[in-house]
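Visitor: Please find the sequence and the predicted model below.
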Amino acid sequence: MTQRKDYLAANAGKRAPMPGFVLIVRRRDDADATMRIGITVSKKVGNAVIRNRMKRRLRALVRDVLPVAGVPGADHVLIGRASGIERDYAALKAELAKALAKVQR
């Protein structure tokens, strides 16, 4: 996702807060089954180097988990939290799978 209006629309979706990030999923209700991804990390998390590292970690998580457990035809937004930098990658991966399962209920 690249446009602000898409992020604002996704904000009305289901939330699944986790220690390392917050996942928001909103079904688009159109005929397209493509999963769209949005990643954001605010300046509260840290300086540019830390924010970019967090975004890289979140992109890697998305590549690993979303093709298997994602919601088809939905927008997925990951909002990075400060504690996500110190967390182990395996823990983040388990949290993302748990968050996706929670949102699909």
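Guide: Here it is on my side, so go on. Numbering: from 1, shown residues only.
Visitor: Helices along the chain, start to end?
Guide: 4-10, 48-69, 89-104 (DSSP state H).
Visitor: any chance of those helices in TSV, with distance to residue 32 and mean pLDDT too?
Guide: (Each C-beta comes from the backbone N, C-alpha and C, glycine too.) Compiled in TSV, those are given as follows (distance: least, C-beta to C-beta, whole Å; pLDDT from 0 to 100):
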stretch	distance to residue 32	mean pLDDT
helix 4-10	13	94
helix 48-69	16	94
helix 89-104	19	94
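Visitor: Go through these and name the closest to residue 30.
Guide: When the helices of the chain are compared by C-beta to C-beta, helix 4-10 sits nearest residue 30, at 11.9 Å.
Visitor: Might you calculate how far that closest one sits from the centre of the chain?
Guide: 14 Å (C-alpha atoms, centre = their mean, to the nearest Å).
Visitor: what's it in contact with?
Guide: 1, 24-26, 36, 38, 40, 75, 77 (C-beta atoms under 8 Å, 6 or more residues apart in numbering).
Visitor: can you do 10 Å?
Guide: Helix 4-10 has contacts (C-beta atoms under 10 Å, 6 or more residues apart in numbering) with 1, 3, 24-26, 28, 36, 38, 40, 74-77, 79.
Visitor: returning to what we had before: would you format the helices of the chain as TSV with distance to residue 20 and mean neighbour count included?
Guide: Below are the helices of the chain laid out as TSV (distance: least, C-beta to C-beta, whole Å; neighbours: other C-beta atoms under 10 Å):
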stretch	distance to residue 20	mean neighbour count
helix 4-10	19	13
helix 48-69	9	15
helix 89-104	5	16
